[in-house]
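**Student:** just coords:
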């Protein structure tokens with residue numbers, strides 16, 4: 001009995017990703033890859049429909065914040081107080097609520113500081129030794145909750161579990177009610193260089209000033225949803241957040257000579273900005289080029305001494321899921337507008353002198369470009385501002401992106417540094433759309449914001465510069481990852497922090513999957529409409545993977561279950577082999593008569609055997625009937641004289657003539673990788689011309705392991721190549737060519753790359769030229 005129970009539990013614990021790869025028609029060559037996906041997805045209901053749209057009773061919670069925060073520069077201490085108004089829009093009665101305190105992952109007692117595996121390195125640095133002494137290294141770090149009270153000031157019972165806080169409600173919170181409470185807290189701001197994390201400070205040794213990146217810094221409401229209940233997976237420094245929308249009013253008190261960039265719109269600019277800065281800000285409202293509100297010279301001068309006075313910057317933001325800010329006296333600030341569907345959005349950048357050569361030229365313009373391209377492919381950008389801050393990190397928050405990209409001390413920079421800065425600005429600003437607006441749950445599905453955003457980043461990079469060296473998106477760049485041994489691969493659908501290779505999996509493979517859909521499976525028109533529909537349906541809501549999958553099919557009428565199953569739930573690679581090529585020359589009526597059945601009979605029977613609703617062309621137009629119509633399955637080797645007599649009896653002489661001098665090619669393909677995919681065939685003819693045939697993925701339905709197809713060509717073929725433009729992420733180019741060609745080795749490719757050519761991070765001479773040209 002115990003054995004049976006254990007077996008049952010083991011089967012129940014099989015992940016959906018594993019189940020997606022099991023053959024449900026074992027022993028057969030079909031009926032597996034094309035099985036519908038429904039059993040892997042949550043059942044549709046009144047909250048989420050089978051079409052992928054929010055249901056008639058869809059609901060989500062809301063949380064409004066009124067926050068006051070002070071930065072003590074001398075002690076690197078953050079002190080905050082907040083009033084939170086939480087709205088229970090669910091049909092459920094709540095007896096407690098959960099909040100996130102992400103900064104507590106710096107607490108030495110949190111599990112993430114204990115569960116890192118590793119081996120003894122050959123050599124240990126002082127820094128490594130210090131980090132191993134967790135108690136000492138993180139002493140004093142983590143969130144200190146001082147008080148938790150209700151609206152009347154009465155203490156509330158609460159429990160801290162690492163990076164989560166549960167507040168026990170004095171009275172149950174019923175559907176449609178709200179609850180107001182207050183929290184006071186503080187924490188020691190970590191040095192990002194030595195203690196990591198999303199937020200912290202960076203110290204510049206030459207002038208002794210700090211740049212503060214204050215992120216994931218206040219107690220924030222966890223998501224309570226129809227599909228998860230409370231989302232209270234711990235923050236361990238990896239998969240980031242799931243958050244609740246609301247309105248924010250935040251008062252930030254910092255040294256008087258600091259410049260603050262923050263989520264939302266500055267409310268008291270007239271009192272904290274100088275008259276000169278206000279004039280420049282007014283000028284920037286209609287500028288065609290970025291206007292410096294704070295100049296480089298002013299930022300350098302401000303960094304020479306530290307003010308002991310304080311100023312409070314007040315920001316407000318509506319319908320956002322988070323709030324972050326940067327503050328320092330070292331920042332240049334520039335701004336210009338961009339218009340999205342006729343609505344003005346102020347694009348701004350903040351950066352120190354180290355980034356000035358790159359950010360002054362590119363940052364704000366890249367912000368504007370990003371908003372335009374993302375708006376075209378998703379929904380119009382809804383917020384009034386979008387900002388890029390050079391903070392030596394890549395992180396995203398509503399209306400505020402923290403990026404990297406610094407020049408050398410002499411003001412020069414490499415092409416790779418420039419492209420890296422442009423790429424990260426696009427990526428982090430793009431996160432305003434995924435997940436800041438289309439609010440997916442990254443704790444569970446890392447790829448739903450990183451993969452979708454990286455895909456849009458690729459589109460935006462390519463519209464920025466047609467030669468931009470994008471690395472994530474093009475199918476050929478994912479093949480090295482897909483070639484890894486199976487025990488080193490994981491499905492895209494793997495739970496957030498369980499993803500081992502985040503960059504290749506959640507970012508690159510997920511993004512590449514969308515690009516393949518757009519370019520090679522659905523086509524741009526159908527894909528673009530469906531993708532925009534997904535963004536429109538789920539803007540300012542909480543989508544799941546099922547909502548994305550169902551919407552893409554619902555809006556396009558394309559069955560994609562095979563694709564979601566293989567690319568997102570599975571790990572099998574694409575490897576379509578061209579096994580054999582048979583060539584038939586139709587140079588006279590005798591051969592034509594023998595072979596003209598090839599392009600018709602067998603293909604029609606295969607495709608139409610079970611579809612009785614089809615009116616066959618040979619019934620609608622009897623002139624299409626020939627000898628083989630009346631004699632199905634006749635021996636193709638019947639004597640030439642009999643064939644000639646029967647052909648002469650045919651009335652349609654034009655029908656005979658059109659087969660003469662044609663070339664028939666029978667190609668056999670094998671699915672060696674497991675992941676089915678459309679077959680793309682490039683023909684190169686003897687005269688040097690080329691032609692491409694695209695065979696839909698459905699050719700594999702009848703046999704998922706091997707298929708053959710006959711092609712008719714007017715010219716003799718010299719060579720054949722599968723996937724010539726590297727669209728499908730096929731991991732083995734060599735077995736997709738005829739005649740078989742030897743592929744260059746990695747060394748040969750590297751050697752060729754050293755001989756010049758445009759690309760990211762080229763050879764030494766190219767680097768020197770780039771640096772000289774950018775002085």
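**Tutor:** Alright, I've got the coordinates. As the structure is a computational prediction, the values presented were derived from the model and not from experiment.
**Student:** in this protein, what spans have low per-residue confidence?
**Tutor:** 1-28, 30-31, 115-122, 124, 126-137, 586-660, 741-775 (pLDDT under 70).
**Student:** Do a quick rundown of the helices in the stretch 101-250 of the chain.
**Tutor:** When secondary structure is read from DSSP state H, counting those that start in this stretch, the stretch 101-250 of the chain shows helices at 126-132, 134-137, 192-195.
**Student:** which secondary structure elements does the last one contact?
**Tutor:** It stands for helix 192-195. When contacts are defined as 3 or more Cβ pairs under 8 Å, 6 or more residues apart in numbering; DSSP states H and E, helix 192-195 sits against strand 200-204. C-beta here means a position set from N, CA and C on the backbone, and glycine is covered the same way.
**Student:** got the buried residues for the strand it packs on?
**Tutor:** When neighbours are counted by 16 or more other Cβ atoms under 10 Å, the buried residues of strand 200-204 are found to be 200-202.
**Student:** same thing with stretch 458-474?
**Tutor:** Of the residues in stretch 458-474, those with enough neighbours to count as buried (16+ other Cβ under 10 Å) are 458-461, 463-464, 468-474.
**Student:** what do you get for stretch 284-298?
**Tutor:** Burial within stretch 284-298, assessed by neighbour count using 16+ other Cβ under 10 Å, is assigned to 284, 290-294, 298.
**Student:** Kindly report the same for stretch 144-157.
**Tutor:** Neighbour-count burial for stretch 144-157 flags 145, 148, 150, 156 (criterion: 16+ other Cβ under 10 Å).
**Student:** Mind listing residues that contact that stretch?
**Tutor:** With Cβ atoms under 8 Å, 6 or more residues apart in numbering as the contact definition, stretch 144-157 has outside contacts at 83, 101, 158, 160, 165, 167-170, 179-187, 219.
**Student:** end-to-end on it?
**Tutor:** Length of stretch 144-157, first residue to last, Cα to Cα, to the nearest Å: 15 Å.
**Student:** quick check, distance from it to the centre of its chain.
**Tutor:** Shown here is stretch 144-157, whose average C-alpha point lies 40 Å from the average C-alpha point of the whole chain (Cα atoms, centre = their mean, to the nearest Å).
**Student:** again, but for stretch 661-668
**Tutor:** Taking Cα atoms, centre = their mean, the mean C-alpha location of stretch 661-668 is offset from the chain mean by 42 Å.
**Student:** quick one: residue 335 and residue 740, what's the gap?
**Tutor:** Between residue 335 and residue 740 the distance, using Cβ to Cβ, to the nearest Å, works out to 59 Å.
**Student:** who has more neighbours, those two?
**Tutor:** It is residue 335, of residue 335 and residue 740, that has more neighbours when counted by other Cβ atoms under 10 Å, with 23 against 10.
**Student:** And the more buried one, how far from residue 661?
**Tutor:** Per Cβ to Cβ, residue 335 is found 68 Å from residue 661.
**Student:** Where is the longest helix in this protein?
**Tutor:** Ranked by number of residues, the top helix in the chain under DSSP state H is helix 356-377.
**Student:** Tell me the secondary structure at the residue nearest to residue 288 when sequence neighbours are not counted.
**Tutor:** Take residue 288 and drop its neighbours on the chain: the residue closest to it by Cβ to Cβ, 6 or more residues apart in numbering is residue 336, 7.3 Å away. Residue 336 falls in the strand class when you classify it by DSSP: H, G, I helix; E, B strand; the rest coil.
**Student:** And the one 3 residues further on, by the same measure?
**Tutor:** With three-state DSSP as the basis, the three-state label of residue 339 is strand.
**Student:** For it, list the residues it contacts.
**Tutor:** By Cβ under 8 Å, 6+ apart, the contact set of residue 339 is residue 345.
**Student:** repeat for residue 389
**Tutor:** By Cβ under 8 Å, 6+ apart, the contact set of residue 389 is 213, 261, 326, 331, 349-351, 400-403.
**Student:** redo that, cut-off 6 Å
**Tutor:** Residues in contact with residue 389 (Cβ atoms under 6 Å, 6 or more residues apart in numbering) are 261, 326, 350, 402.
**Student:** hang on, isn't the first one packed against residue 326?
**Tutor:** Yes - using Cβ atoms under 6 Å, residue 261 makes contact with residue 326 at a distance of 4.7 Å.
**Student:** List phi and psi for the residue nearest to residue 359 when sequence neighbours are not counted.
**Tutor:** Nearest residue to residue 359, sequence neighbours excluded (Cβ to Cβ, 6+ apart): residue 351, at 4.0 Å. Geometry field for residue 351 lists phi and psi as phi -160, psi 150, criterion degrees, to the nearest 10.
**Student:** Bridged to residue 351, which residues?
**Tutor:** Counting by DSSP bridges, residue 351 is bridged to residue 332.
**Student:** picking that back up, now the buried residues of stretch 144-157 as a markdown table including distance to residue 544?
**Tutor:** Listed next are the buried residues of stretch 144-157 as a markdown table, based on distance: Cβ to Cβ, whole Å:
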| residue | distance to residue 544 |
| --- | --- |
| 145 | 32 |
| 148 | 32 |
| 150 | 34 |
| 156 | 32 |
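**Student:** just curious, which of these is nearest to residue 241?
**Tutor:** residue 145 (19.1 Å; Cβ to Cβ).
**Student:** ok, back up a step: let's see which of the buried residues of stretch 458-474 end up in helices.
**Tutor:** Here DSSP H is the test, and the buried residues of stretch 458-474 give 458-461, 463-464 as lying in helices.
**Student:** returning to that earlier point: put together JSON lines for the buried residues of strand 200-204, with distance to residue 415 on each row.
**Tutor:** Conversion of those to JSON lines gives the following (distance: Cβ to Cβ, whole Å):
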{"residue": "200", "distance to residue 415": "30"}
{"residue": "201", "distance to residue 415": "31"}
{"residue": "202", "distance to residue 415": "25"}
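**Student:** residues near residue 342, how many?
**Tutor:** Residue 342: 6 surrounding residues under other Cβ under 10 Å.
**Student:** Quick check: end-to-end length of stretch 173-191?
**Tutor:** Taking Cα to Cα, stretch 173-191 runs 40 Å from one end to the other.
**Student:** Repeat that for stretch 293-306.
**Tutor:** Length of stretch 293-306, first residue to last, Cα to Cα: 20 Å.
**Student:** now stretch 171-187
**Tutor:** Where stretch 171-187 begins and where it ends lie 30 Å apart, using Cα to Cα.
**Student:** ok, what's across the strand from the residue lying closest to residue 190 once chain neighbours are set aside?
**Tutor:** With Cβ to Cβ, 6+ apart as the measure, residue 200 is the residue that lies nearest to residue 190, at 4.3 Å, once sequence neighbours are left out. On DSSP bridges, the residues paired with residue 200 through beta bridges are residue 213.
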